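Enquirer: fold the stuff below for me.
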Amino acid sequence: MQDGQLRRGLKTELELRFQVHKSTITRVFDDLKKQMSEGNVIDVKNKKWGYVDENQWNIQMNFSNQCLFGDPTFVNMQETIHINEKWFWLNPKTRRFYLLSKEENPYMCQQSIRFKIKAMFMAVVGKPLYDANKNLLHDGKYGIFPFVFKKRALKLSKNRVAGTMETKAIESVTKEVTRKMLMEQVIPAIKSKWHPSLPKNVFIQWDNARQHQISTDAEFQEGCTSYGFNIQMVFQPAQFPDLNVLDLGLFTSIQSIQYQSFTENLDHLVEKVNEAYAVFDPKVNRNTWITLQKCMTEIMIKNGGNNYPPPHMGKNRLENQGIMPEQIEVSRDIIHQAVEHLNTLFRQVNQADDEDTQMQIDAD
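Expert: Just a heads-up that it's a prediction; the model follows:
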């Protein structure tokens with residue numbers, strides 16, 4: 001049971017398993033929720049006076065155990081937002097063309113690979129939000145922002161006159177640049193596009209790169225807590241790019257769309273990247289968040305390792321059958337295995353080995 005609701009299809013499974021009517025399952029489930037809300041001990045005995053059928057008692061007790069003590073699921077992650085940076089190039093290193101017999105090969109001259117035009121973008125993505133009828137309420141896209149600045153041209157060239165405002169890419173993204181991007185672009189975009197039905201406790205996840213060790217002073221805290229929001233920055237584990245949906249597949253999808261165009265300058269590149277982000281399919285975004293949960297399960301199976309093949313579960317087939325899970329179940333055996341492995345790696349703070357005690361040296 002997750003957030004007071006049974007997972008999709010569980011009532012039908014219990015109806016076939018225990019050979020009872022669906023109304024019986026609904027009645028027992030409503031009784032369970034009432035007792036849990038009141039803080040009482042779970043009691044699903046038949047309330048009728050007289051003889052209580054032993055089979056009916058076993059059925060209801062097994063149903064309560066299935067609801068309360070079944071395999072746990074991941075949280076819905078609806079309040080989690082993933083952000084990350086990526087370099088987008090003006091043109092790919094290689095490009096394939098299909099030409100007619102009389103067409104000439106496309107040609108683009110460039111002095112050196114060092115002069116290839118590129119720009120870094122910070123993408124902000126959340127999980128798509130659907131209602132009970134599977135209607136899309138929010139696509140989970142909060143924006144993609146380039147690290148660029150405007151500079152006036154000092155000299156005359158064949159492309160523009162002197163004094164023209166040009167777009168330049170920020171080549172070195174430092175802590176100060178990252179903090180400015182969060183304060184002026186990312187956090188305001190989240191606040192303006194946040195769906196009103198969701199709580200305002202937002203978790204922004206990114207990797208723990210050096211430029212992400214920003215200063216969280218009073219000004220930054222004010223920006224994260226204004227208008228009733230409580231925005232917190234959390235780091236993902238190191239060496240695990242699969243724990244960020246942007247690295248898991250969204251960046252690849254956006255870049256494949258952007259490479260379908262032929263950009264000529266940096267302004268054109270920014271325009272095409274924004275267009276690729278805008279046409280990005282929310283269905284692919286939702287599937288990536290499901291893949292993220294499967295990756296977490298594989299990491300627990302590997303005891304924290306990343307040596308696992310990409311998990312596949314046939315999401316298109318499950319969606320066509322109407323049984324696509326939004327939250328993946330995890331076997332309790334896998335969780336117990338992961339907990340036991342962690343217990344072998346750590347020890348209590350106040351627990352000291354005999355060897356450590358013997359090795360202590362008196363400073364006097």
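Enquirer: distance between stretch 218-236 and the chain's centre?
Expert: 18 Å (C-alpha atoms, centre = their mean, to the nearest Å).
Enquirer: and the end-to-end length of that stretch?
Expert: 24 Å (C-alpha to C-alpha, to the nearest Å).
Enquirer: list the buried residues for that stretch?
Expert: 220, 223-224, 229, 231, 233, 236 (16 or more other C-beta atoms under 10 Å). In this view, the C-beta of every residue, glycine as well, is placed from N, C-alpha and C.
Enquirer: wait, a helix at residue 120?
Expert: No: counting by DSSP: H, G, I helix; E, B strand; the rest coil, residue 120 is not part of a helix but strand.
Enquirer: now it, which residues is it bridged with?
Expert: Assessed by DSSP bridges, residue 120 has beta-bridge partners residue 87.
Enquirer: for stretch 345-360, the averaged confidence score.
Expert: Across stretch 345-360, pLDDT averages out at 54.
Enquirer: before we move on, what about stretch 11-25?
Expert: Across stretch 11-25, the average pLDDT comes to 71.
Enquirer: and the end-to-end length of that stretch?
Expert: End-to-end span of stretch 11-25 (C-alpha to C-alpha): 7 Å.
Enquirer: SS state for residue 261?
Expert: Classification of residue 261 using three-state DSSP returns coil.
Enquirer: quick one, phi psi at the residue nearest to it when sequence neighbours are not counted?
Expert: Counting by C-beta to C-beta, 6 or more residues apart in numbering, residue 272 is the residue found nearest to residue 261 once chain neighbours are left out, at 4.6 Å. Residue 272 adopts backbone torsions of phi -70, psi -30, taken as degrees, to the nearest 10.
Enquirer: neighbours of residue 330, how many?
Expert: As a burial measure, residue 330 scores 19 neighbours (other C-beta atoms under 10 Å).
Enquirer: one step back: list just the nearest of the buried residues of stretch 218-236 to residue 318.
Expert: residue 236 (26.7 Å; C-beta to C-beta).
Enquirer: from what I see, the closest one and residue 205 are in contact.
Expert: Yes: judged on C-beta atoms under 8 Å, residue 236 makes contact with residue 205 at a distance of 5.5 Å.
Enquirer: which neighbours do these two share?
Expert: 243-244 (C-beta atoms under 8 Å, 6 or more residues apart in numbering).
Enquirer: among the buried residues of stretch 218-236, which ones are in strands?
Expert: 231, 233 (DSSP state E).
Enquirer: just give me the closest of the buried residues of stretch 218-236 to residue 29.
Expert: Nearest member of the buried residues of stretch 218-236 to residue 29, counting by C-beta to C-beta, is residue 229, at 34.9 Å.
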